[in-house]
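Enquirer: generate a structure from the sequence data that follows.
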Amino acid sequence: MLNMTPKEVVERKGATINPCKTCEPVGALYCALGIHKCMPHSHGSQGCCSYHRTVLGRHFKEPAVATSSSFTEGASVFGGRSNLTTSVKNIFDIYDPEIVAVHTTCLSETIGDDIQSYVTDIKIPEGKRVIYASTPSYEGSHIQGFSNMMCAVVNQLALETPDKNGRIAVFPGWAEPGDCRELKRIALALKADPLLLPDHDNTMDMPMTGRYEYYGQGGTRAADIGQIGGSRALIAMGHIVSAEAASLMMKKFGLPAELLPLPVGIALTDQYVMALKALSGADVPDEMENERGRLVDLLLDSSPYTNGRKVAVYGDPDIVYAMTSLCLEMGMVPKYVITGTPKKEFETLTQDLLGKYGLQEECVVKADTDLFHLHQLIKNDPVDLLLGNSYGKYIAKAEDIPIVRMGFPVLDRYAGTIQPVVGYRGAIRMAERILEALMSRQDRDASDEDFECVM
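Expert: Now for the predicted structure:
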């Protein structure tokens, strides 16, 4: 399938082959879906909106609701003001959301639509809100789009609140619904009252009740967003995706904020737990210490099968960084660590992480690259495992390498989004999946005399 991929690596600037990212509006749309009764709106053509909904729907196995300004040739020439004005009226009349979250596409950005002035002139029903974010598809990635929409939410919905509400604001970053549930469970176990923004719990994983609803019970409510500036403090996760929104919260509200990695594995989950402990003053419960101990025991017991194994980790920067940390704790060598998101901070942070294990010279870390480049690296120096999204399965098949799917998008498997990868529980799950892949390969390749029942 990819047998024609050459081994010789040539630096490319004019073309991306098999990208390791998607476009900004996808991230903005997903962020908006984590707000209660919010309708994401794509200001551009129907084709753009259809693609963005499709990639999210295929990943979550749930319909991703969104509306479109439905640009035609006329809007492309004369601008999309009338399209947006009509769209917003129809959305409130038909779907009755509390919030419409407008994000742009390459077409509306290229022709220079002034969304701020358009929204200012729209007659919005009492008690409803329209927010907007600039998300041109031709720059950044879906991670930047998510960040831009987060900043729009903070700027346009969060209010000055002189009275503190005692809650702890948590920006989970790009997190799956199962991760949001686990982050809240950990916070509640430490007697913290978390306010997640966005909160995808029970939005893109609504239970089957026999009746379809546009808006489930999940998502951060508008009233909570309005009061988020009165929180006691902010914990923002994801050095790349949450940095801008966290900085905005500090500037706008003077809110004490701590920017942490996505809490995957032992060390990174410890950081989240200890940050909550410092804010709530509660002791870490015995059950959580037991969860951590079980994870440590699992990694010790399984180390003969993971120690020294080379792994290629690819995908979005924050989850790749976090998974790299888990692989290092398992004794593995993250030979290649790549992301398609153009953020040099990712390279610096990851190199620092590898430096703690003395592996910075042995591993390749690269941002703003693609899976074609990763395939070339693997052809020159193979790895034992691929860890990333579904697009890596072609490399796995071509090079006969086991793959463990994680991150976004996972298009060819089920149930990943409703289970956590964060926290001690999530790390146990991921460690089990990594072990299953490596040990199954050992079984497959074993000769008859070495094929053991007990491993």
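
Enquirer: residues contacting the helix or strand that contains L374, please?
Expert: Taking DSSP states H and E as the definition, L374 sits inside helix 371-380. Residues external to helix 371-380 that are found in contact with it (C-beta atoms under 8 Å, 6 or more residues apart in numbering): 2, 5-9, 12, 17-20, 312, 314, 336, 338, 364, 366, 391-392, 394-395, 398-399, 401. Every residue, glycine included, has its C-beta placed from N, CA and C.

Enquirer: which of these fall within strands?
Expert: A312, Y314, Y336, I338, V364, K366 (DSSP state E).

Enquirer: skipping its backbone neighbours, what lies nearest the last one in space?
Expert: Spelled out, that is K366. Spatial nearest neighbour of K366, excluding adjacent residues (C-beta to C-beta, 6 or more residues apart in numbering): I338 at 5.0 Å.

Enquirer: pLDDT score for the one you found?
Expert: The per-residue pLDDT reported for I338 equals 98.

Enquirer: I figured it hits N18, correct?
Expert: No: using C-beta atoms under 8 Å, I338 is not in contact with N18, being 11.6 Å away.

Enquirer: so these two - more neighbours on which side?
Expert: Relative neighbour count places I338 above the other of I338 and N18, with 27 against 17, counting by other C-beta atoms under 10 Å.

Enquirer: what's near enough to touch the more buried one?
Expert: C20, A312, V313, Y314, V320, V364, V365, K366, A367, T369, H373, L374.

Enquirer: what's the answer for Y414, then?
Expert: Contacts of Y414 by C-beta under 8 Å, 6+ apart are K61.

Enquirer: is there a quick PyMOL command that grabs whichever of the ones in strands among the contacts of helix 371-380 are buried?
Expert: In PyMOL, this line selects whichever of the ones in strands among the contacts of helix 371-380 come out buried by 16 or more other C-beta atoms under 10 Å:
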select buried, resi 312+314+336+338+366
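
Enquirer: adding distance to I143, write the ones in strands among the contacts of helix 371-380 out as CSV.
Expert: Below are the ones in strands among the contacts of helix 371-380 laid out as CSV (distance: C-beta to C-beta, whole Å):
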residue, distance to I143
A312, 20
Y314, 14
Y336, 19
I338, 14
V364, 21
K366, 16
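
Enquirer: between the ones in strands among the contacts of helix 371-380, which is closest to D93?
Expert: Of all those, D93 sits closest to Y314, with 44.1 Å by C-beta to C-beta.

Enquirer: could you export the longest helix seen in the chain as CSV, CA atoms only?
Expert: Ranked by residue count under DSSP state H, the longest helix found in the chain is helix 423-445. Coordinates of each C-alpha in helix 423-445 appear next as CSV, following Å, rounded to 0.1, in the frame of the first residue of the first chain:
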residue,chain,number,x,y,z
GLY,A,423,-5.6,9.6,35.5
TYR,A,424,-4.2,6.4,37.0
ARG,A,425,-7.1,4.4,35.7
GLY,A,426,-6.6,5.7,32.2
ALA,A,427,-2.9,4.8,32.4
ILE,A,428,-3.7,1.3,33.5
ARG,A,429,-6.0,1.0,30.5
MET,A,430,-3.4,2.3,28.0
ALA,A,431,-0.6,0.2,29.5
GLU,A,432,-2.8,-2.9,29.1
ARG,A,433,-3.4,-2.1,25.4
ILE,A,434,0.3,-1.5,24.8
LEU,A,435,1.2,-4.8,26.5
GLU,A,436,-1.5,-6.6,24.6
ALA,A,437,-0.1,-5.4,21.3
LEU,A,438,3.5,-6.2,22.1
MET,A,439,2.8,-9.6,23.7
SER,A,440,0.4,-10.6,20.9
ARG,A,441,3.2,-9.8,18.4
GLN,A,442,5.6,-12.0,20.5
ASP,A,443,3.2,-14.9,20.4
ARG,A,444,2.7,-14.4,16.6
ASP,A,445,6.4,-14.5,15.9
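
Enquirer: tell me the secondary structure for the closest residue to G426 other than its chain neighbours?
Expert: Closest residue to G426 apart from its sequence neighbours, by C-beta to C-beta, 6+ apart: P420 at 3.9 Å. When classified by DSSP: H, G, I helix; E, B strand; the rest coil, P420 comes out as coil.
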